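In: what's the 3D shape of this:
(one chain, ligands or ions: 1)
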Amino acid sequence: MSANSDVVSRVIERRKSDPTQLLQMLREIQEELDWIAPETARELAAGLGVPITRIQSVVQFHSFLYDKPRGRYRVLFSDNITDRMLGNAALVDHMLKRLKLRRGQVSADGAVSVDLTSCTGMCDQGPAMLVNNFAITRLTLRRIDEICDLTRIGAPLREWPAEFFRVEDQIRRRETLLTSLEPGVALDAAIARGRQGMMDEMKRSHLRGRGGAGFPTGTKFEGARNAPGAQRYIVCNADEGEPGTFKDRVLLNSFSTRVLEGMTIASYVVGATKGFIYLRGEYRHLHEQLQRDIDVMRASGRLGTSIRGASGFDFDIEIHMGAGGYICGEGTAMIESLEGKPGRPRVRPPSMVEVGYLGKPTVVDNVETLAHCTEIAIEGGASFAKRGTKTSTGTKLISISGDCERPGVYEYQFGVTIGRILEDCGARATTAVQIGGASGVLVTPDEFSRRIAFEDIPTAGAFMIFGPDQDLFDAARNFAHFFAHESCGFCTPCRVGTAIQRNIMDKIAEGRGSRYEVNDLMRLADFMKKNSHCGLGETAGNAVRDTLNKFRPAFERRLHARDFVPAIDLETALEPARRITGRDDADAHLVTEA
Ligand code: SF4
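Out: So this is what the prediction gives:
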């Protein structure tokens, strides 16, 4: 048996030959072998008794899995617009020059490969990179030099300076959620209320999903509880991939008691016995610590059977790590990924609360939403609902980055104005704020009195600030690239639309665009919104459209020609088609006589 075969066998055994664990197996194999070679994929397929195409499709779907050789040190620079604003382009160039590499190339000795990736959730302490999925923050030219030296001598990652991997919470403002919770208190409070009593409190709280869509959580819980079948699941969506969002990172790092007990309370209400935390691959650094927290919970009777002594209250949690795929944050795509398939959104209906993980009723909720369940268990729904506004109750975590003095995580009651947030974080002469990430909205100073609330500006929490020196065209172009990269390719309007949008933005950036193409961008945004299968495609044109509406001169000054100038004479080129079809009417000509 080869060394590679040995790794594959061990991983299959550890994961109990369960094909739903395919993504976890691939991740673990790659951590040892650096990439998924064809023979490795074949051995895995044979060991699991699944077609090789299933292995290949999952590998090709995830940007952190490789079916071609990569370096033993796989360097991925975070390339969100906030990393750009902090100068990541110069750092990438510097590293490539030092290592004599091109982007995506593997060094001759097989040691290093360097490439870009989407936002890594470190916007408050960038520029950032991932090395074998572990985040390194606050990059400087000096730190890049040190990293190059470490890769040259082949130092294992565990021997690199701990300082490199320091990820700080940067909590700047707290209300009720970002406070410590004594283990077991929220669970006891929920048990004391009883399953129906806790459900009633959830509905009384008017808690709405913090992922951005704002679906009433109590209604979701009730739907799953009432769906037919004995087995139910809770999925904690910790795949916060929206560019500019990093507040779940803080909850998972420092308030895991709230998150894990929140999941357990959800299971109590819904009647679920199994839960998953779908942790984004970029948060690899949190994996071991979260696993330890789960183990401690189990050992102290807060997970497992008869939780806190309550007969029939059985629940356990498993961590499922993602491997680079923004679309896996979409609920049904996440379920597909949990089942060991490529994370492509499902057709709805049926809803996940009826037919979710393995066809069973499933609640998928955001980290922050589930953490709020601990507050509701302790203080009751009516008390919770006193915070915020009538239709947006409770508090909201905001991830602030970009041009301000104090980036980080801020907790506010819903209804806070944008102006107040800008003041608190030390933003000066702000020209625009991108709220809700790449798929969100761009607001300008005349809108700074607007409020963060589902009834005004809903957001999952990203708040990227642009000062007077920023060119908003660059931000829109960065987002256009993001969507083209992250489209899962399932439906044509999004797959082709995001690619065209990216290409037009590049053409304009290169000074080859015309006003015709600028107008095309607006049509494209509208088309993708109306015809895409899921939220990614529906919102993929938002940033470009908003920027065009509010910062049109940023596009206009780059234009090569005001009007579309075709490279060929289209009217003449259509002549053979007119002859063949026997048409010569006005509609068969591009130009009609005045
Ligand atoms: Fe995939 Fe985009 Fe279609 Fe969503 S809209 S299913 S991401 S191609």
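In: Could you measure from Leu422 over to the ligand?
Out: According to CB to the nearest ligand atom, to the nearest Å, Leu422 stands 32 Å off from the ligand. From N, CA and C alone the C-beta is placed, and that goes for glycine too.
In: Arg27 now?
Out: Distance from Arg27 to the ligand, counting by CB to the nearest ligand atom: 22 Å.
In: all strands in this structure, in order from the N-terminus.
Out: Counting by DSSP state E, residue ranges of the strands within the chain are 73-78, 112-117, 129-131, 134-136, 171-173, 233-238, 274-279, 316-321, 362-366, 395-402, 408-413, 432-435, 441-443, 462-466.
In: so what strands line up beside the longest one?
Out: This means strand 395-402. The pairing partners recorded for strand 395-402 under DSSP bridges are strand 408-413 (antiparallel), strand 462-466 (parallel).
In: Go through these and pick out the most buried.
Out: Per-residue neighbour counts averaged over each of the strands paired with strand 395-402 give the maximum for strand 462-466, namely a mean of 28 (mean count of other CB atoms under 10 Å).
In: Now do it: everything it contacts.
Out: Here strand 462-466 makes contact (CB atoms under 8 Å, 6 or more residues apart in numbering) with 81-82, 123, 242-245, 398-404, 421-422, 425, 427, 430-437, 440, 472, 475.
In: can you check stretch 215-223 too?
Out: When contacts are defined by CB under 8 Å, 6+ apart, stretch 215-223 is touched by residues 199, 202-209, 266, 269-270, 351, 353-354, 361, 363, 365, 369, 372-373.
In: about what we covered before: got the strands paired with strand 395-402 as a markdown table, with mean pLDDT and distance to Arg280 columns?
Out: Supplementary listing: the strands paired with strand 395-402 in a markdown table, determined by pLDDT from 0 to 100; distance: least, CB to CB, whole Å:
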| stretch | mean pLDDT | distance to Arg280 |
| --- | --- | --- |
| strand 408-413 | 98 | 16 |
| strand 462-466 | 98 | 14 |
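In: which residue sits closest to Lys386, ignoring its sequence neighbours?
Out: Once its chain neighbours are removed from consideration, Lys386 has its nearest residue in Thr393; the separation is 8.0 Å (CB to CB, 6 or more residues apart in numbering).
In: oh, I was asking about Cys425
Out: If the residues on either side of it in the chain are set aside, Cys425 comes closest to Cys404, at 4.3 Å by CB to CB, 6+ apart.
In: Now do the same contact list for that neighbour.
Out: For Cys404, the contact set (CB under 8 Å, 6+ apart) comprises 422, 425-428, 465.
In: 10 Å instead, please
Out: Taking CB atoms under 10 Å, 6 or more residues apart in numbering, we find Cys404 in contact with 124, 421-428, 430, 433, 463-465, 467.
In: Also Arg138?
Out: 86, 122, 125-128, 163-164, 166-168.
In: same thing but at 6 Å, please
Out: Arg138 is in contact with Gln125, counting by CB atoms under 6 Å, 6 or more residues apart in numbering.
In: any idea how far it is from Lys274?
Out: As for Arg138, its distance to Lys274 is 39 Å (criterion: CB to CB, to the nearest Å).
In: and what of Ala509?
Out: 48 Å.
In: likewise Tyr233?
Out: Look at Tyr233 and Lys274: by CB to CB, they are 5 Å apart.
In: So which of these two has more stuff around it?
Out: Shown here are Tyr233 and Lys274; by other CB atoms under 10 Å, Tyr233 has more neighbours (23 against 19).
In: Just list whatever residues bridge to the more buried one.
Out: Legend: beta-bridge partners of Tyr233 under DSSP bridges are Lys274, Thr362.
In: 37 is where my numbering starts, stick with that
Out: With the count now opening at 37, the last piece we talked about shows up as Tyr269.
In: contacting residues for it?
Out: Tyr269 makes contacts with 308, 310, 393, 398, as judged by CB under 6 Å, 6+ apart.
In: Redo the residues you listed as a markdown table? Include pLDDT and distance to Pro105.
Out: Below are these laid out as a markdown table (pLDDT from 0 to 100; distance: CB to CB, whole Å):
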| residue | pLDDT | distance to Pro105 |
| --- | --- | --- |
| Ala308 | 98 | 42 |
| Lys310 | 98 | 37 |
| Tyr393 | 98 | 34 |
| Thr398 | 98 | 38 |
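In: Lys377: which of these is nearest?
Out: Tyr393 (11.6 Å; CB to CB).
In: In this structure the closest one contacts Ile371, no?
Out: Yes - Tyr393 is in contact with Ile371 according to CB atoms under 6 Å; the separation is 5.3 Å.
In: Quick check, pLDDT for the closest residue in space to Arg78 that isn't next to it in sequence.
Out: Counting by CB to CB, 6+ apart, Arg78 lies nearest to Ile88, which is 6.0 Å off, once chain neighbours are set aside. You'll see Ile88 listed with a pLDDT of 97.
In: Check Lys396 too.
Out: Looking at Lys396, its pLDDT stands at 98.
In: Kindly report the same for the one 10 residues further on.
Out: Among the per-residue scores, Leu406 shows a pLDDT of 98.
In: now do His321
Out: 97.
In: Count the neighbours of it for me.
Out: His321 is flanked by 17 other residues according to other CB under 10 Å.
In: quick one: low-confidence ranges for the stretch 237-386 of the chain?
Out: Applying pLDDT under 70 to the stretch 237-386 of the chain picks out no residues at all.
In: Ignore what I typed, I meant the chain.
Out: Residues of the chain meeting the criterion pLDDT under 70: 37, 597-604, 627-630.
In: just to revisit the earlier point, tabulate the strands of the chain (JSON lines), appending distance to Arg334.
Out: Listed next are the strands of the chain as JSON lines, based on distance: least, CB to CB, whole Å:
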{"stretch": "strand 109-114", "distance to Arg334": "33"}
{"stretch": "strand 148-153", "distance to Arg334": "34"}
{"stretch": "strand 165-167", "distance to Arg334": "30"}
{"stretch": "strand 170-172", "distance to Arg334": "26"}
{"stretch": "strand 207-209", "distance to Arg334": "28"}
{"stretch": "strand 269-274", "distance to Arg334": "16"}
{"stretch": "strand 310-315", "distance to Arg334": "12"}
{"stretch": "strand 352-357", "distance to Arg334": "7"}
{"stretch": "strand 398-402", "distance to Arg334": "21"}
{"stretch": "strand 431-438", "distance to Arg334": "27"}
{"stretch": "strand 444-449", "distance to Arg334": "29"}
{"stretch": "strand 468-471", "distance to Arg334": "39"}
{"stretch": "strand 477-479", "distance to Arg334": "42"}
{"stretch": "strand 498-502", "distance to Arg334": "34"}
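In: could you check whether stretch 87-98 is close to the ligand?
Out: No - counting by CB under 6 Å from any ligand atom, no contacts exist between stretch 87-98 and the ligand, the nearest distance being 10.8 Å.
In: who touches that stretch?
Out: Under the contact criterion CB under 6 Å, 6+ apart, stretch 87-98 has outside partners 58, 72, 77-78, 80-81, 101, 103, 359-361, 378.
In: Buried subset of the residues you listed, written for PyMOL?
Out: Of the contacts of stretch 87-98, the buried ones go into a single PyMOL selection, burial set by 16 or more other CB atoms under 10 Å:
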select buried, resi 58+72+77+80+81+101+359+360+361+378
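In: and the contacts of stretch 87-98, which of them are in helices?
Out: 58, 77-78, 80-81 (DSSP state H).
In: roughly how far apart are the closest residue to the ligand within the stretch 37-186 of the chain and Arg231?
Out: Using CB to the nearest ligand atom, Phe97 is the residue of the stretch 37-186 of the chain that sits closest to the ligand, at 10.8 Å. Remark: distance between Phe97 and Arg231 (CB to CB) = 38 Å.
In: Then Lys543?
Out: In this view, Lys543 and Arg231 are 58 Å apart by CB to CB.
In: same thing with Glu441?
Out: Per CB to CB, Glu441 is found 47 Å from Arg231.
In: which other residues reach the helix ranked longest in the chain?
Out: Taking residue count as the measure and DSSP H as the definition, the longest helix of the chain comes out as helix 221-241. Contacts to helix 221-241, defined as CB under 6 Å, 6+ apart, come from residues 254, 257, 297, 301, 304-305, 338, 344, 346, 410, 412-414, 416-418, 420-421.
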